[in-house]
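**Student:** Could you work out the structure for the sequence below:
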Amino acid sequence: WRIPKHKFIMFIWGNGSGKTCGSVYIDILMALWESWAKYGLPYIGEAKQMLIVTKSSDNLKTNLEPYFLWSDSLDDVIKIPKQEIKRIKRDGSTQAIKEIFLKNWTVIMFRTYDAGQSRLEGSSPDFVHLDELPEREDIFLELLRGTRKVNSQMLLSFTPTKFNPAVYNYFYWQESDEVKKRTFIREVSSRENTHVDHTWLEWLSDEERKIREFGRFVPPTGLVYSSFTRANNMVKYFSPRDLWAWTRYFAGLDFGVSHPMAFVMIAVDTDWHIYVFDMIYEKNLLLWELAHLIKEKQREYWIDLEYIVADTADARARLELKQEHNIDTVPADKWSKWETNMSNRRAGIFKINWLFENGELMISDKCMKLIQEIEVHAYKGNGTEDVIKENDDAIDALRYFVFSYKRPTETRKYKRKINRIKSKNKKNKVRY
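**Tutor:** Numbers count the residues shown, from 1 in each chain. A predicted model of the protein is given here:
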């Protein structure tokens with residue numbers, strides 16, 4: 001048999017369906033493209049340069065490496081015979097496998113998502129295998145750019161337990177017929193694996209069962225920001241002057257006429273943790289009154305906002321703030337790169353949930369209006385991604401900033417600069 005002649009191959013697996021085993025089977029056969037006849041194996045294609053990306057070094061060592069190197073023969077089908085391996089390169093600190101060089105000149109490179117986008121830049125392999133989906137959108141887009149070769153292919157193998165907007169936007173909500181023609185999608189149920197006990201599936205809800213048993217995408221229901229908890233994401237009120245030096249300040253703004261005007265003030269420290277420390281939330285507020293309050297807040301905290309991300313729906317209000325009150329605003333990014341007819345709402349929701357889950361987005365208890373909105377904001381539950389558009393003004397202001405904010409380039413020079421700042425701050429106890 002042959003691998004489908006598509007640019008993108010997606011295997012969406014249920015839990016316990018043999019995801020790693022089945023995916024690595026394809027990797028091995030692609031790598032042994034010259035030696036397959038020697039072992040009586042099916043020929044499915046060839047790749048002289050392969051890139052396999054997984055979550056972390058631990059996942060690489062425990063889940064992937066055994067399938068490649070723990071056997072001297074192919075009795076179990078999925079292992080590279082030792083006589084086909086020329087050299088193995090490992091990481092000096094973690095001893096995780098980095099590259100396998102085969103005698104047929106194939107190079108299998110192993111990378112991890114937690115290493116960041118910079119470790120994946122510049123590669124253009126013949127075959128890319130993503131073991132689970134990256135949580136960060138920029139990493140997926142960088143890997144997508146790596147498939148720019150005419151004959152290159154990408155294999156995505158995952159269980160859809162987490163929402164990745166870049167993947168779904170490109171493969172599911174893309175209206176381009178060209179993308180659909182180049183994509184092969186196969187859902188694999190965990191029931192197909194007869195070596196696994198499936199009784200645990202009976203305890204799942206209908207929604208969870210569709211995801212974990214059948215590997216299907218399920219429209220979201222319940223709370224939109226389900227990752228938020230007061231214990232992990234709410235902190236006592238603090239002044240921005242309590243943060244370390246070199247903290248950067250921003251804001252998000254959602255205009256309101258019949259509903260409240262929401263302005264959230266945000267601090268980002270040198271570890272890229274985001275803190276919402278104050279806000280303006282008032283109904284029937286005129287623009288000149290809003291401008292006055294914004295300037296008062298900046299004088300109160302002795303800070304300058306780098307920029308304010310504002311809703312693009314009211315261009316006239318943004319222009320008036322600039323011309324009459326000398327307050328610059330940046331238009332919110334309302335469209336994702338791969339979308340054609342949907343807003344960035346799903347991408348912003350995913351990013352905020354990811355920050356909440358990882359403890360990188362904290363909200364002061366002074367912003368109770370924002371916290372209350374987060375705790376009740378829910379999906380309509382009508383089989384779509386529609387949300388209930390009520391009491392979401394402060395959330396929208398926060399989402400505009402979070403989706404628009406991009407971390408500075410993580411170059412070595414930048415990292416050394418930040419580390420020097422942190423060391424100096426710690427030594428001298430420098431605070432605002």
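
**Student:** What count of nearby residues applies to the closest residue to residue 285 other than its chain neighbours?
**Tutor:** Counting by C-beta to C-beta, 6 or more residues apart in numbering, the nearest residue to residue 285 once its immediate chain neighbours are dropped is residue 261, at 4.4 Å. In this view, the C-beta of every residue, glycine as well, is placed from N, C-alpha and C. Number of residues near residue 261 (other C-beta atoms under 10 Å) recorded here: 24.

**Student:** Kindly report the same for residue 306.
**Tutor:** Counted with other C-beta under 10 Å, residues neighbouring residue 306 total 13.

**Student:** distance of it from residue 61?
**Tutor:** 41 Å (C-beta to C-beta, to the nearest Å).

**Student:** which residues of the stretch 51-200 of the chain score low on pLDDT?
**Tutor:** Regions of the stretch 51-200 of the chain meeting the criterion pLDDT under 70 cover residues 70-78, 122, 161-166, 168-170, 172-177, 191-200.

**Student:** Quickly list what residue 51 is bridged to.
**Tutor:** Beta bridges link residue 51 to residue 109, residue 128, judged by DSSP bridges.

**Student:** if I pick it, what's in contact with it?
**Tutor:** By C-beta atoms under 8 Å, 6 or more residues apart in numbering, the residues touching residue 51 are 109, 111, 123, 125, 127-129, 143, 146.

**Student:** likewise residue 156?
**Tutor:** Applying C-beta under 8 Å, 6+ apart to residue 156 gives the contacts 8-11, 130, 133, 167.

**Student:** how about the helices of the stretch 251-400 of the chain, start to end?
**Tutor:** 287-301, 315-325, 345-357, 368-376, 393-404 (DSSP state H, counting those that start in this stretch).

**Student:** give me every residue that touches the nearest residue to residue 52 once chain neighbours are set aside.
**Tutor:** The shortest distance from residue 52 to any non-neighbouring residue, by C-beta to C-beta, 6+ apart, is to residue 129 (4.6 Å). Counting by C-beta under 8 Å, 6+ apart, residue 129 makes contact with 23, 26-27, 50-53, 154-155, 157.

**Student:** measure residue 129 to residue 261 for me?
**Tutor:** In this structure, residue 129 and residue 261 are 49 Å apart, going by C-beta to C-beta.

**Student:** Centroid-nearest residue for this structure?
**Tutor:** When C-alpha atoms, centre = their mean is applied to the chain, the residue found nearest the centroid is residue 136 (2.3 Å).

**Student:** Quick check, it in contact with residue 114.
**Tutor:** No - contact criterion C-beta atoms under 8 Å: residue 136 and residue 114 do not qualify, at 9.7 Å.

**Student:** mind checking which helix or strand residue 66 is in?
**Tutor:** Remark: residue 66 resides in helix 65-69, with elements defined by DSSP states H and E.

**Student:** Name the residues of that helix that come out as buried.
**Tutor:** 65, 67-68 (16 or more other C-beta atoms under 10 Å).

**Student:** Bridge partners for residue 362, pull those for me.
**Tutor:** When bridges are called by DSSP bridges, residue 362 pairs up with residue 275.

**Student:** got the contact list for it?
**Tutor:** Residue 362 makes contacts with 233-235, 273-276, as judged by C-beta under 8 Å, 6+ apart.

**Student:** Out of these, the closest to residue 347 would be?
**Tutor:** Within those, the smallest distance to residue 347 is 16.2 Å, found for residue 274 (C-beta to C-beta).

**Student:** Hmm, residue 360 and the closest one touching each other?
**Tutor:** Yes - between residue 274 and residue 360 there is a contact under C-beta under 8 Å: 6.3 Å.

**Student:** mind listing what's buried in the helix or strand residue 101 falls within?
**Tutor:** Secondary structure assigned from DSSP H and E places residue 101 in strand 97-102. Neighbour-count burial for strand 97-102 flags 97-98, 100, 102 (criterion: 16+ other C-beta under 10 Å).

**Student:** Can you show me the CA trace of that strand as CSV?
**Tutor:** The C-alpha trace of strand 97-102 is given here as CSV (Å, rounded to 0.1, in the frame of the first residue of the first chain):
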residue,chain,number,x,y,z
ILE,A,97,17.5,11.7,20.7
LYS,A,98,18.0,14.6,18.3
GLU,A,99,18.9,13.0,15.0
ILE,A,100,19.2,9.5,13.4
PHE,A,101,21.4,9.2,10.3
LEU,A,102,20.6,6.1,8.2
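
**Student:** for the stretch 151-300 of the chain, what spans make up the strands?
**Tutor:** 153-158, 183-188, 234-235, 248-254, 261-268, 274-282 (DSSP state E, counting those that start in this stretch).

**Student:** count of neighbours near the nearest residue to residue 318 once chain neighbours are set aside?
**Tutor:** Nearest non-adjacent residue to residue 318, counting by C-beta to C-beta, 6+ apart: residue 329, 4.9 Å away. When counting by other C-beta under 10 Å, one arrives at 18 neighbours for residue 329.

**Student:** okay but residue 329 is in contact with residue 308, surely?
**Tutor:** Yes - using C-beta under 8 Å, residue 329 is in contact with residue 308, at 4.7 Å.

**Student:** Contacts only, for residue 282.
**Tutor:** So residue 282 contacts 260-261 (C-beta under 8 Å, 6+ apart).

**Student:** any idea of the pLDDT on it?
**Tutor:** Looking at residue 282, its pLDDT is 91.

**Student:** so it bridges to which residues?
**Tutor:** When bridges are called by DSSP bridges, residue 282 pairs up with residue 261.

**Student:** Low-confidence bits of the stretch 251-400 of the chain, can you list those?
**Tutor:** Applying pLDDT under 70 to the stretch 251-400 of the chain flags the ranges 334-344, 383-385.
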